[in-house]
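A.B. asks: Model the following, please.
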Amino acid sequence: MRGLATTGGRWAVTAVLLAATGLTGCGGAPSPSPSGGVVASNEAPSATAAAGCPLPPRSAQAQTADPLRATVNVRRITDGRGFNYAFSEQTLAKHPAALETGSAQDRTPWSAEDAWKDGLFLLGAARVLVTFQNPGAEPIAVKNVRLVNIVEECMPLALAYHMGTEGSGFATVSLSFNIDADVPIAYGYDFLAQPGAAVQPHGKSFFDEKTVQLKPGEEQDFSIYVASLRRPYSFDIALDLTVGGKTEVQLLRNGDVPWRFAPNLCPTTAQQAALAPADLAWMRERVFQKALRRTSGPNGDVTVMSEEDPKKVSGPCNAL
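C.D. replies: Below you'll find the model as predicted:
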């Protein structure tokens with residue numbers, strides 16, 4: 001069974017949307033190991049433009065227990081719209097097959113699941129589908145979801161890799177976070193209405209009115225979406241839990257590494273309005289060395305990867 005307890009006691013499938021943004025900076029996590037739409041907020045960002053990167057972690061949080069069994073759908077780790085990635089020189093050196101063009105049958109396979117361990121970033125945002133199950137004998141309440149161990153990273157510029165959309169997972173309840181706030185707060189957000197485009201948070205925190213309850217044997221689906229217009233990030237996701245009368249914190253990571261995403265460097269006119277002049281100046285100076293995009297080939301082959309002008313997806317694009 002799947003359960004969401006609200007103040008009205010209803011049950012529903014839960015999607016948690018974590019949207020992130022702010023205005024300025026650059027990228028560790030606990031036991032540190034080395035990814036939109038427009039997001040506005042009434043929470044003033046505390047970060048300022050930094051000369052160097054990565055920046056020191058903030059909102060530090062360690063795990064105290066892991067009573068929930070987490071199953072991440074590794075094939076559904078996307079930017080919210082598709083499988084789009086940013087490679088640093090170090091990551092690309094370990095996965096050179098990502099540079100190959102042509103049809104899938106002619107390219108050497110490479111694994112994003114392996115590349116995460118070597119520093120791969122999602123490009124544009126980060127969306128993860130995960131199922132939490134209560135395998136114990138005590139009911140578990142999820143009282144809050146937070147972004148923690150947040151690091152502004154260096155922009156990965158060796159390769160922009162756009163595979164494009166592959167569909168979307170089901171979600172009925174979503175949350176939006178401003179990752180630049182001193183203490184990011186979860187607000188309600190309708191991801192299905194505008195996938196990949198966050199909106200201005202308003203009203204009360206989601207968890208001021210709802211609590212996710214999992215009875216023994218129950219499971220609950222979460223769709224977790226994080227985005228930023230201004231800088232690349234790594235972060236962990238923390239769940240504040242109550243189990244057996246005790247308060248615990250469980251972390252969700254991408255295996256042994258944090259979640260990572262980089263912003264799109266060619267924002268739309270509307271997105272530019274949410275950025276500070278210092279951020280736009282920072283973007284103008286960032287140019288991908290190479291860029292690939294999935295295109296249609298002969299006989300309707302939709303697996304073809306083709307080169308494109310890196311400047312079209314970088315700071316010097318026409319939008320800036």
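A.B. asks: any idea which residue sits dead centre in the chain?
C.D. replies: In the chain, the residue lying closest to the centroid (CA atoms, centre = their mean) is residue 126, at 2.3 Å.
A.B. asks: which SS class is that one?
C.D. replies: strand (DSSP: H, G, I helix; E, B strand; the rest coil).
A.B. asks: tell me which residues of stretch 204-213 are tucked away?
C.D. replies: Within stretch 204-213, the residues scored as buried using 16 or more other CB atoms under 10 Å are 206, 207, 210, 211, 212, 213. Any C-beta I mention is one placed from the backbone N, CA and C, and that applies to glycine too.
A.B. asks: With respect to residue 266, which of the residues you listed is nearest?
C.D. replies: Within these, proximity to residue 266 (CB to CB) peaks at residue 206, which comes in at 31.4 Å.
A.B. asks: ok so, going back, inside helices: which ones of the buried residues of stretch 204-213?
C.D. replies: Under the assignment DSSP state H, these contribute 206, 207 to helices.
A.B. asks: and the two most separated of the buried residues of stretch 204-213?
C.D. replies: So, the buried residues of stretch 204-213 by CB to CB: farthest apart are 206 and 213, at 14.5 Å.
A.B. asks: Quickly name whichever of the buried residues of stretch 204-213 is closest to residue 275.
C.D. replies: Among these, residue 206 lies closest to residue 275 (CB to CB), at 26.1 Å.
A.B. asks: give the contact list for the closest one.
C.D. replies: 173, 175, 186, 187, 188 (CB atoms under 8 Å, 6 or more residues apart in numbering).
A.B. asks: From residue 205, how far off is the second one?
C.D. replies: Meaning residue 175. Distance from residue 175 to residue 205, counting by CB to CB, to the nearest Å: 9 Å.
A.B. asks: what do those two both touch?
C.D. replies: 186, 187.
A.B. asks: thinking again about what came up before, closest one of the buried residues of stretch 204-213 to residue 154?
C.D. replies: residue 206 (31.9 Å).
A.B. asks: mind checking pLDDT for the closest residue to the closest one other than its chain neighbours?
C.D. replies: Excluding its sequence neighbours, the residue lying closest to residue 206 (CB to CB, 6 or more residues apart in numbering) is residue 186, at 4.5 Å. pLDDT recorded at residue 186 is 79.
A.B. asks: The chain: helices as residue ranges?
C.D. replies: With DSSP H as the criterion, the chain has helices at 89-94, 112-116, 206-209, 269-272, 277-284.
A.B. asks: Nearest to residue 260, out of those helices?
C.D. replies: Among the helices of the chain, the nearest to residue 260 by CB to CB is helix 112-116 (7.7 Å).
A.B. asks: Can you name the residues in contact with that closest one?
C.D. replies: 74, 77, 83, 85, 87, 91, 94-95, 98, 120, 254-255, 257, 260.
A.B. asks: Ok, stretch 287-299 next?
C.D. replies: Here stretch 287-299 makes contact (CB under 8 Å, 6+ apart) with 86, 98-99, 101, 103, 157-164, 265, 302-316.
A.B. asks: Quick check: buried residues in it?
C.D. replies: Using 16+ other CB under 10 Å as the test for burial, stretch 287-299 gives 287, 288, 290, 291, 292, 293, 294, 295.
A.B. asks: separation between the last one and residue 131?
C.D. replies: It refers to residue 295. The value you get for residue 295 to residue 131, if CB to CB is used, is 34 Å.
A.B. asks: likewise the fourth one?
C.D. replies: Residue 291 is 34 Å from residue 131, where distance means CB to CB.
A.B. asks: That's all I had, so thanks and see you.
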